[in-house]
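**Q** Sequence and computational prediction follow.
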Amino acid sequence: MASQSMEVVAKALEQQEWISKGHGEYREIPSEKDFFAEVKDSKNVVCHFYRDSTFRCKILDKHLAILAKKHLETKFIKLNVEKAPFLTERLRIKVIPTLALVKDGKTKDYVVGFTDLGNTDEFPTEMLEWRLGCSDIINYR
């Protein structure tokens, strides 16, 4: 019984630490310089590379805001590609929107456009959740 309550305490402390690092909310980072600090600070990061003029980015924003609240183990951020030319080039991002999935400070996978999400603008949040789970960037059951 004691080990079970220790586990509960450890999990609560872990969640507090995540929240203190900006997990649990989907937010914009101001510059590419901030990107490196953000990914260094957290084990799992989903970064949405977006452009204001791209309609599909707004669709992704809606789903990512939902998932950020649900998956505290992962930090969800977005970065305007027009403010991040070096990073966009370095990560070879050509299609907007692109999600960069960063694990332990290294870009592990990408979700490019909506191809992996059923190739439709009306994909359910669960489809994106499943896709992120495939890359092990969120705890997906």
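**A** Alright, I've got the coordinates.
**Q** Okay, helices next: where are they in the chain?
**A** Under the criterion DSSP state H, the chain contains helices at 2-20, 32-41, 55-70, 85-90, 125-134.
**Q** who's in contact with the first one?
**A** Going back to what we said before, that points to helix 2-20. The contact list for helix 2-20 (Cβ atoms under 8 Å, 6 or more residues apart in numbering) reads 24, 42, 72, 73, 75. C-beta coordinates here come from the backbone N, C-alpha and C atoms, glycine included.
**Q** I'd like the average pLDDT over stretch 37-47.
**A** Stretch 37-47 shows a mean pLDDT of 95.
**Q** CA-only coordinates of it in CSV, if you can.
**A** Taking C-alpha atoms only, stretch 37-47 is exported to CSV below (Å, rounded to 0.1, in the frame of the first residue of the first chain):
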residue,chain,number,x,y,z
ALA,A,37,15.3,26.4,-25.0
GLU,A,38,11.8,24.8,-25.1
VAL,A,39,12.9,21.5,-26.5
LYS,A,40,15.9,21.3,-24.2
ASP,A,41,13.6,21.8,-21.2
SER,A,42,11.2,18.9,-22.0
LYS,A,43,11.5,15.3,-23.0
ASN,A,44,8.5,15.3,-25.5
VAL,A,45,7.7,18.4,-27.6
VAL,A,46,5.2,18.8,-30.5
CYS,A,47,6.0,22.0,-32.4
